[in-house]
Structures are given as structure tokens and as C-alpha cells.
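Participant: Please work out how this folds:
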Amino acid sequence: MRDKIKKYFKETVIFVLMLTLAMNAMSYYRALDLNKENLNIENFKLLNNTEYKVQTNKPILVHFWATWCPTCKFEAVNIEKISKDYEVITIAVQSGTKKEIQKYLRDNDLTFKVVNDKDGYYSRKFNIKAFPTTLIYDKNKNLKFSEVGYTTTAGLYSRMLVLE
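Facilitator: This is a model prediction of the structure:
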């Protein structure tokens, strides 16, 4: 019995490691085509019709997501948590009307800042082709990290902490 438990545990660990490697490789491959330029946007018009001015001398996380994306919904809690401590702007890509996105946010208890990219302007500008995609810029607005696909709260915090 004990040997079976050891065997299953070992197989589970190997599976998790292989899955992690495969997901990181896939994320790296998908990130090759992203726009690697400095963040050259100073203001975003938010869902609530206010202007958000990108803070100077602070790192910023720019997160692309969609209401129709199941992985985005799963990851939204991570983005919500980090938005309480860091500069975060999220861009809802082709996710419907302002009211539809607001309902989605309410239904999922999300309060992070949202830009409605209804026509795909920002996703084209940043060359986003898969969701979710997270970009992290340093205080000088240089791209320091990109992730295509799910990323953990701990991963986001560790990357932002390094840039402080």
C-alpha cells in the first residue's frame, strides 16, 4: 500500500512538472509576436468614462482578457488581488457593451480598472492573439515580462515586487 502511494505521488509530481514546462514553453512561443515596445500610452478611457493617467515612476501591469474566455474568468481573481497593491489596467477585448462588461464585473465581484476594447484597437496595437495576456512594464515603461495564458497571484506579485 505504501509503495503504491509513493508511486502515485511520484507520478503526480512528474505530471505537474511536465505540464508546467509545457505551459511555460507554450507561453514563451505565443509571446514571441507581442509588441515589445515601451508603453507609450499616457491615458486610457475607462469603462466608467473616466480617464486613467498612467502613473510615472511606477511599474504597471496591463492585462488583456475577455468575458467569453474561461481561462480569463479563472485568472480574474489573481488580477483583482494584485490590483489592490499595484498599478493595474485591464483591457476587455471584444467583450460586448459597457453594460455587459459591467454586469460581468458585478457578477464576479471584480473591481479592477477596465478599458472596453470593443473594436480590438488595443489588442492590435499590442499584437495580442490569445487570452489572457499579461504585460508588465517597469517604472520607465519598458516591457519586462509577458505571459500568454494563466498566471498565478504569487507569480504576478513576485514579478511586480522585483520592479519596485
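Participant: quick one: secondary structure of residue 162?
Facilitator: Classification of residue 162 using DSSP: H, G, I helix; E, B strand; the rest coil returns helix.
Participant: Next up, the contacts around it.
Facilitator: Neighbour list for residue 162: empty [criterion: CB atoms under 8 Å, 6 or more residues apart in numbering]. Glycine gets a C-beta too; all of them are placed from N, C-alpha and C.
Participant: before we move on, what about residue 119?
Facilitator: Residue 119 makes contacts with residue 94, as judged by CB under 8 Å, 6+ apart.
Participant: Do you know the pLDDT at it?
Facilitator: According to the prediction, residue 119 has pLDDT 92.
Participant: How about residue 2?
Facilitator: pLDDT, residue 2: 78.
Participant: Kindly list the main-chain dihedrals of it?
Facilitator: Dihedral pair for residue 2: phi -60, psi -40, per degrees, to the nearest 10.
Participant: center of the chain - which residue?
Facilitator: The centre of the chain sits closest to residue 134, judged by CA atoms, centre = their mean, with a distance of 3.3 Å.
Participant: Do I have it right that residue 123 meets residue 115?
Facilitator: No: in this structure residue 123 lies outside contact range of residue 115 using CB atoms under 8 Å: 10.7 Å.
Participant: Now the common contact residues for these two.
Facilitator: Counting by CB under 8 Å, 6+ apart, the contacts common to residue 123 and residue 115 are residue 91.
Participant: Which stretches in the chain count as helices?
Facilitator: For the chain, the helices defined by DSSP state H occupy 2-31, 70-83, 98-107, 121-125, 153-163.
Participant: Figure out which of these is closest to residue 47.
Facilitator: Among the helices of the chain, helix 98-107 comes nearest to residue 47, with 5.9 Å by CB to CB.
Participant: Report the buried residues of that closest one.
Facilitator: Buried positions in helix 98-107, judged by neighbour count with 16 or more other CB atoms under 10 Å: 101, 104-105.
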